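1. Return a 3D structure for these sequence lines:
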Amino acid sequence: MNFPAIKLPLVNTYLETLNGQSLPKKYSGLNFVSVFCGGGGLDLGFSLAGIKPVFSSDVIPSFCATVAKNLPKHVVEPHDINLLSGNYVLDKVRAPVDIVIGGPPCQAFSILGDRKSRDDPRGQLAFEYVRFIKEIGPKAFLFENVPGLLTVNKGKDWEQLLEFFAAETGYKIRWTKLNSVRYGVPQIRQRVIVVGFRDEVNFRWPAPRYAESQDQSELGMIPPLPAWMALEDVENLPNHVLREHGERVIERYSTILPGGRDRKDHTDRVHPDRPSGTVLVGSGAGGGRPFIHPFEHRHITVREAARLQSFPDWWEFSGGPTSAYRQVGNAVPPLMAKAIASEIRLALGK
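-> Numbering: from 1, shown residues only. The predicted structure follows:
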């Protein structure tokens, strides 16, 4: 006897995972201080891993407002790292600090090889971050940045930066390059991660669960998540404000195939069945534009970009659209940050 086929609704497991993320009711006993917090990708990831935020800071007030709104009950203040002392932070939190996390803007390192860079406010940030770590004296620290850092000055700047971290802090340094798509994020996004430990510990980088490419299978790995999973059911969510485009732009975008690029403004259209490219949403000085939506002839919204970055829907971004796009585009994906933080927590015995 033949039974009629029953079509079951397709469950969006990514959104289930994403919006199932919640802050712990009780933390592990470890805490962290965050500088260059931006829109809070690292801060959220470490908090989700059970590590308590006690102080977060960025030079831009609207970035701090985002973190304060979503991670309440800890100190969040705008500061220039050049003027922020470890003693000030320790006085504020009134407790020893276990972990310091941060990612100074990448411009800071393109001139590290020249000690005259101390006179350049961009180059100063690298030295100031290390100085801040030394003043805090945590059990561990994390530094993150873009992979292009590895090839500046034929790799010499990277080598000198690692030597600088080790010599100045005395910590045991480990580093690697991670791709967020391997940790359940529907986006190809590589970041360089450095961790330093005050004492000898048994630390391992988080094991990947997803393959890096749909075109090449990997034994035991789940296929990478496609971008469409991040772009469903966004109506009426915070930060989902559609940008109005002129008729000429809409007409031009209507000719761009999935995965293609607009020749005029060099904007890429998201391919719905593949992980998106790296979310680049520019800066105050310009730069990348938001992606074109895979099905609609418009840029993706802040909320859609945040979904591709693995921010849960309850995480709201403060400031205007430009500020919010910058916060999303400069962030470490929270799900990848959570995976790293979980391994640091294990290494520290918690």
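2. what helix or strand does Ser56 sit in?
-> strand 52-58 (DSSP states H and E).
3. I'd like to know which elements the helix or strand bottoming out on mean pLDDT in the chain is packed against.
-> When each helix and strand of the chain is scored by mean pLDDT, DSSP states H and E, helix 121-136 comes last, with a mean of 84. On a contact count with 3 or more C-beta pairs under 8 Å, 6 or more residues apart in numbering; DSSP states H and E, helix 121-136 meets strand 31-35, helix 86-93, strand 99-102, helix 156-169. The way it works is simple: take the backbone N, C-alpha and C, and place the C-beta from them, glycine included.
4. quick one, the longest one and helix 121-136 angle?
-> Using axes from the mean of the first three to the mean of the last three C-alpha atoms, to 10 degrees, the inter-axis angle of helix 156-169 relative to helix 121-136 is 30 degrees.
5. By neighbour count, which bits of helix 156-169 are buried? Give me those.
-> Within helix 156-169, the residues scored as buried using 16 or more other C-beta atoms under 10 Å are 157-158, 160-162, 165, 169.
6. Now do the buried residues in the next helix or strand after it.
-> Using DSSP H and E, the helix or strand that follows helix 156-169 in sequence is strand 172-179. Under the neighbour-count criterion of 16+ other C-beta under 10 Å, strand 172-179 has 173-175, 178-179 buried.
7. Please apply the same query to stretch 209-217.
-> In terms of neighbour count (16+ other C-beta under 10 Å), stretch 209-217 has its buried residues at 210-212.
8. Show me where the stretch 251-350 of the chain has its strands.
-> Counting by DSSP state E, counting those that start in this stretch, one finds no strands in the stretch 251-350 of the chain.
9. what stretches of it score poorly on pLDDT?
-> For the stretch 251-350 of the chain, applying pLDDT under 70 flags the ranges 281-288.
10. same thing but at 80, please
-> 280-289, 350 (pLDDT under 80).
11. Tell me how many other residues surround Pro78.
-> Close neighbours of Pro78, defined as other C-beta atoms under 10 Å, add up to 15.
12. ah, wrong one, I meant Asp199
-> Number of residues near Asp199 (other C-beta under 10 Å) recorded here: 10.
13. and if you look at Arg303?
-> Number of residues near Arg303 (other C-beta under 10 Å) recorded here: 24.
14. what about the residue lying closest to Phe132 once chain neighbours are set aside, how many neighbours?
-> Spatial nearest neighbour of Phe132, chain neighbours left out: Gly86 (5.7 Å); criterion: C-beta to C-beta, 6 or more residues apart in numbering. As a burial measure, Gly86 scores 18 neighbours (other C-beta under 10 Å).
15. Who are the contact partners of Gly86?
-> Taking C-beta atoms under 8 Å, 6 or more residues apart in numbering, we find Gly86 in contact with 132, 134-137.
16. Among these, the buried ones, what's the ChimeraX command?
-> The ChimeraX selection below is limited to those of the contacts of Gly86 classed as buried (16+ other C-beta under 10 Å):
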select :132,134,136
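17. between the contacts of Gly86, which is nearest His266?
-> Phe132 (37.2 Å; C-beta to C-beta).
18. Make sure Arg307 is actually in contact with Leu231.
-> Yes. Applying C-beta atoms under 8 Å, one finds Arg307 in contact with Leu231, separated by 6.6 Å.
19. The two - which one has more neighbours?
-> More crowded of Arg307 and Leu231, by other C-beta under 10 Å: Arg307, with 32 against 23.
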